[in-house]
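Student: what's the 3D shape of this:
(chains A and B)
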Amino acid sequence: MNIVVELKNINKKIREEEILKDINLTIQKGDFISVIGPSGSGKSSLLYIIGLLDRPNSGEVIIEGEKVDYDYPEKIAHLRNKKFGFIFQFHYLISEFSLIENVMAPMLKAGKTREEAKERAYEILNKLGLKGKEKRKPFQISGGEQQRVAIARALANEPLVIIADEPTGNLDSKNTEIVMEIFCSLNEEGKTIIMVTHDIDLTKRTKKIIKMLDGRIID
Amino acid sequence: MKHIFFVTLKFLFERKRQTIVAIVGVSIGVGAFIAMASLMNGFQKYFIEQALDVNAHITLKIKDEPDKGKIIKEAYGDDVYYHVLGAKPKELKDKVTDFKFIIAKYEQDKDIIGVSPHLTGQGIVKYGTIEKSASLVGIDPILERTTSPIDRFTINKKLDTLITDRDSIIIGKLLARDLGIDELGKKVILTTPNGNTHLFKVTDFFESGITMLDQTRIYMNLKTLQTILNKINEVNEIVFRVKDVNKADEIADRINKDTGYYTESWKKAFRNFLQLFKIQNYITYMIVFAILVVSAFGIFNIIMMTVLEKKRDIAILKALGYEDSDIVKIFVFHGITIGFFGSLLGCLTGYLLQEFLASVNVSVEGLVRTKGFALDRNPVYFLYGVLFAFFFSFIAAFYPSYKASKLNPVDIFRSSA
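Tutor: Alright, predicted model coming up:
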């Protein structure tokens, strides 16, 4: 079973405005998908639906063959915790937490012990080149490093799909390159990634490209 | 739950200033509650204890009130409205005729510790040029000891001089002060309502701590008072001391039914004060309630502020898989932790305030007189303080926590983007 996420006839309205129109999409294990399109085309909304942060007005979301039932919010939260790792344009690290604590937060929710969570957080931060900075606060490191911590947090529970909403949108070219390198190597390791971007150059490094316009997938 | 503790403790400890302000707010409320409760209840308990020791638990006496409308009622029946003008008060019967029998009977009662006869009257006491009105109480010192720890209130423990010297009296400490008497052995002239005057020697002072009594009361031998009031072998009160003061009403009713005399328990006798204390308690607890509500608003504000400031972090936690109930727990735990540390600090503050009040060496003179404040240092006030703090903290934290849990992460990410 290679299909990890499947969207069927998804429609989403915000107030009276149709944000997503009849979206059908299949994400297979090991995919590296980039989503492009102009502002307001529904790219981020699509990611929120895939990542179970938002619910569609109609249509079905199927995760690993199982239809998502939005009447059970605890189950949805559990799926989000176990199956998805989010990365946003702005790192959105919790300022009161140290870097390691930011990475530990989803693991503690998943039921790992403090020690297990700490050990794994050290391991991921180390892998992403942040060794020795684990106890720093987010404001004590650079923007590129902050985004790497956000990637580490997304990887913490070994998610099924990594959802990245313009992860390089706020980075300089050097850090963009570092982040893309990380994504490529994660994808090579078998991780499934879906990424929204405005940068056409970056799409060339992904396996699939989805073009969106006015809430529809056009290509 | 470890993820809840993890997030909450980080929010608490990384926002030290806000946390400390909230904890101090709660501790002031709890400390004030403990100090005020022990002060108010201490005063009230002291008054009741002293009043119970120095006064009878039950008093049997004559209650022969003149019935001005007696004749009218006989003529027209009870359903008549009347108003009699110009009626002269008649002489009331004021003696318990069978007092020896009553004393002998109730000395055997299992609920009663002691029974003692009293003859009471009014008089003017004069020392030099100073005259003061006094409340005269004729007692049998031996029986009196069974109904009251009277020796505790006599400064020089010379109650027995009332037996050996029939012309001796024991006068209230404040009455002695008002008359200018500051040493024993002084002679005073006592004038009774029937015009008799008699010379008495002050052999001791009486100090109960209750201003009203210490300012007016004079104890003398029962026989002596009977003589000077021309009431030979008469008493107008019998006082009882009971084993259980809370049963005083019940026993008083029983004595009333058995003897036909009017009986009054201490609760009835002090009902005005007890009512006053009740009002005083309402006021005290309202003030303390207001303090606790203010500190609860402090917690509410701080958690609400935290929720508003941490909207983005709440959205992130939700994106990481934290459930709505986790968010509620995080912020309720936040409030309860403030309540917990606030109540701990409040207990310490309350204890220190109690210590301070206990160390203040002032002469309190009002309804009662004490050296320093009479405090009731019952640990239950600490328990109540802690429970109130927890309750208010929970209530104050719940609403902002609920609001936090209902935040939609997508709305927040969209507005942040």
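Student: switch to C-alpha atoms for all contacts and neighbour counts from now on
Tutor: OK.
Student: where's the residue in the stretch 301-417 of chain B that chain A sits nearest to, which helix or strand?
Tutor: Chain A sits closest to residue B:321 of the stretch 301-417 of chain B, with a gap of 4.0 Å, by Cα to the nearest Cα. Under the assignment given by DSSP states H and E, residue B:321 is not contained in any helix or strand.
Student: Just confirm it contacts residue A:85, I think it does.
Tutor: No. Residue B:321 lies out of contact with residue A:85 (Cα atoms under 8 Å); the separation is 9.6 Å.
Student: Which pLDDT value goes with residue A:206?
Tutor: As predicted, residue A:206 sits at a pLDDT of 87.
Student: Show the contacting residues for it.
Tutor: Contacts here follow Cα atoms under 8 Å, 6 or more residues apart in numbering or on different chains; on that basis residue A:206 touches A:32, A:33, A:34, A:184.
Student: Name the surrounding residues that touch the helix or strand that contains the third one.
Tutor: Following DSSP H and E, one finds residue A:34 within strand A:32-36. Taking contacts as Cα under 8 Å, 6+ apart, the residues outside strand A:32-36 that touch it are A:43, A:187, A:192-198, A:200, A:203, A:206-212.
Student: likewise stretch B:137-154?
Tutor: Judged by Cα under 8 Å, 6+ apart, the contacts made with stretch B:137-154 from elsewhere in the structure are B:53-56, B:113-121, B:157-160, B:162-163, B:170, B:204-208, B:217-226, B:239-241.
Student: what about the residue of the stretch 301-417 of chain B closest to chain A, how many neighbours?
Tutor: Here the neighbour count serves as a burial measure; for residue B:321 (other Cα atoms under 10 Å in any protein chain shown) it reads 29.
Student: and the stretch 1-150 of chain B, which residues reach chain A?
Tutor: For the stretch 1-150 of chain B, the residues in contact with chain A (Cα under 8 Å from any Cα of the partner chain) are B:2, B:3, B:7, B:10, B:11, B:14.
Student: what stretches of the chain score poorly on pLDDT?
Tutor: I'll assume chain A. Scanning chain A for pLDDT under 70 picks out the ranges A:1.
Student: Chain B is the one I meant
Tutor: Residue ranges of chain B with pLDDT under 70: B:64-66, B:89-93, B:364-369, B:416-417.
Student: quick one, domains of it?
Tutor: What automatic domain parsing lists as the domains of chain B is B:2-52+B:273-416, B:90-260.
Student: Just the ones of the residues of the stretch 1-150 of chain B next to chain A in helices?
Tutor: Judged by DSSP state H, the subset of those located in helices is B:2, B:3, B:7, B:10, B:11, B:14.
Student: Switch these over to CSV; also include neighbour count.
Tutor: Compiled in CSV, these are given as follows (neighbours: other Cα atoms under 10 Å in any protein chain shown):
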residue, neighbour count
B:2, 13
B:3, 22
B:7, 22
B:10, 17
B:11, 21
B:14, 14
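Student: strand partners of the strand holding residue A:34, parallel vs antiparallel please.
Tutor: Within its sheet, strand A:32-36 is paired with strand A:192-196 (parallel), strand A:208-213 (parallel), according to DSSP bridges.
Student: What residues of that strand count as buried?
Tutor: By neighbour count, and taking 16 or more other Cα atoms under 10 Å in any protein chain shown as the criterion, the buried residues in strand A:32-36 are A:32, A:33, A:34, A:35, A:36.
Student: give me the residue from chain A nearest chain B.
Tutor: Using Cα to the nearest Cα, the closest approach of chain A to chain B is made by residue A:81 at 4.0 Å.
Student: next structured bit after the stretch of helix or strand that residue belongs to?
Tutor: Using DSSP H and E, the element containing residue A:81 is helix A:73-83. Towards the C-terminus, the helix or strand next in line after helix A:73-83, according to DSSP H and E, is strand A:84-87.
Student: Could you check that next one against chain B for contacts?
Tutor: Yes. Under the criterion of Cα under 8 Å from any Cα, strand A:84-87 makes contact with chain B via A:85, A:86.
Student: which outside residues touch that strand?
Tutor: Residues from elsewhere that reach strand A:84-87 (Cα under 8 Å, 6+ apart): A:51, A:147, A:150-151, A:153-157, A:159-165, A:167, B:319-320.
Student: So what are the sheet partners of it and their directions?
Tutor: strand A:161-165 (parallel).
Student: which helices and strands sit right next to the helix or strand following the partner strand?
Tutor: Where DSSP H and E defines the elements, the next helix or strand beyond strand A:161-165 is helix A:173-188. Under the contact definition 3 or more Cα pairs under 8 Å, 6 or more residues apart in numbering or on different chains; DSSP states H and E, helix A:173-188 sits against helix A:143-155.
Student: Kindly format the C-alpha coordinates of the helix it packs on as CSV.
Tutor: Taking C-alpha atoms only, helix A:143-155 is exported to CSV below (Å, rounded to 0.1, in the frame of the first residue of the first chain):
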residue,chain,number,x,y,z
GLY,A,143,16.8,32.4,11.1
GLY,A,144,18.2,29.4,9.2
GLU,A,145,18.9,27.5,12.4
GLN,A,146,15.4,28.3,13.7
GLN,A,147,14.0,26.7,10.6
ARG,A,148,16.2,23.7,11.1
VAL,A,149,14.8,23.3,14.6
ALA,A,150,11.3,23.5,13.2
ILE,A,151,12.3,20.7,10.8
ALA,A,152,13.7,18.7,13.8
ARG,A,153,10.4,19.2,15.6
ALA,A,154,8.4,18.1,12.5
LEU,A,155,10.6,14.9,12.4
